[in-house]
Every structure is written in structure tokens, then in C-alpha cells.
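In: pasting a predicted model and its sequence here:
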Amino acid sequence: MGKDTIVIGLGNPLMCDEGIGITLIEYLTKKQDEHPDVDFIDAGTGGMQLLHYISGRKKAVLIDCAFMGTEPGTIKRFTADEVKSIKKLSHLSLHEVDILKVIELSEQLGEAPDEVVFFGIEPAAVEDGMELSDTLAGKIDDYLQTIDAELGTD
């Protein structure tokens, strides 16, 4: 049985800023002592395992790169009702899934968290490469402070 709150980092660390969710989970895991009631999960590029990660939790926080039409490096908080996916699925992989559809399925199964929060971070570069852009790398502390505040510690 997992802890009441889970923070899930999503993304592909082989595509520069697309891996921001994974990078933040690496930092947050190092601060686990500050958040003893929180599980931190690197969920990679997602997939249906997200359904199992969030099942029975009180709160789920998902962090991902998001094209929001804002200045690169911007972080925004959304609830599930405020997010609209424009993701076009190729249906070529069993690991490919729309996060919002996972949340809907979780609700239909009666296993959804009471609260689901998304943090979207506008990328500066989504291209081949394992390093974050200077824009996002320079804001890591700001992102961690925002997430800490969401978790009740800052």
C-alpha cells in the first residue's frame, strides 16, 4: 500500500526538456526526508501503469513538460478539470496513453485520488539530447519550491 500522496514525474529524458518531470523527481527523491508521507515515482513516458500508481491515493501530483503557449520555463498548476489534452496518439505502442484518459478510467473504477494536480512546464527545447535547456535548468530551484508548497512544505 502506497502513501496517501504520490508525485509522478513524466517525460522522456532523451529529448531535452521533455524530461523535466523525471529530473524533478530525481531532485525530490533526494529530499524524501522532508516529505515522509509522499511517494515519488519516475513514470517515464507514462502508460497504463499510471492507473496503478494513483489507485487508492488521496492526492496525485503529476509533473510533465507541456506546450501551453507561454514563455519557456513557465510552470503552471492545473486540476484535472482545467487540463485539455491535444495529444494525438499514434496507437503504435501499448505504452502510449493520454494521462487524462487514465484519470477518467481511474474515476470509473472508483480508485481515483480525491485530488489530482498537474504541473506543466513549458519547454524551451524538445529535441535529441539528455540535458535540459539552460532556461529550465536555471529554474530547477523555483520548480522545487513550487512543488514543495503544493506538498505543504516550503
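Out: Received the coordinates, thanks.
In: what is the one helix or strand residue 52 maps to packed up against?
Out: Assessed by DSSP states H and E, residue 52 sits inside helix 49-54. With contacts taken as 3 or more CB pairs under 8 Å, 6 or more residues apart in numbering; DSSP states H and E, helix 49-54 sits against strand 5-9, helix 99-108. Backbone N, C-alpha and C define where each C-beta goes, glycine included.
In: can you list these in CSV and add mean neighbour count and distance to residue 150?
Out: Output for the helices and strands packed on helix 49-54, formatted as CSV (neighbours: other CB atoms under 10 Å; distance: least, CB to CB, whole Å):
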stretch, mean neighbour count, distance to residue 150
strand 5-9, 24, 9
helix 99-108, 16, 17
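In: returning to what we had before: avg pLDDT for the helix holding residue 52?
Out: In this model, helix 49-54 has an average pLDDT of 91.
In: nearest to residue 142, out of the helices and strands packed on helix 49-54?
Out: Among the helices and strands packed on helix 49-54, the nearest to residue 142 by CB to CB is strand 5-9 (16.2 Å).
In: contacts for the closest one?
Out: 21-26, 28, 37-43, 50, 53-54, 57-64, 113, 147, 151 (CB atoms under 8 Å, 6 or more residues apart in numbering).
In: between strand 5-9 and the worst-scoring helix or strand of the chain on mean pLDDT, find me the angle.
Out: Within the chain, confidence by mean pLDDT, DSSP states H and E is lowest for helix 99-108 among all helices and strands, at a mean of 88. Here helix 99-108 runs at an angle of 160 degrees relative to strand 5-9 (axes from the mean of the first three to the mean of the last three CA atoms, to 10 degrees).
In: what's helix 99-108 packed up against?
Out: For helix 99-108, the packing partners by 3+ CB pairs under 8 Å, 6+ apart come out as helix 49-54.
In: rewinding a little: of all the helices and strands packed on helix 49-54, which lies closest to residue 128?
Out: Comparing those under CB to CB, the one sitting nearest is strand 5-9, at 20.2 Å.
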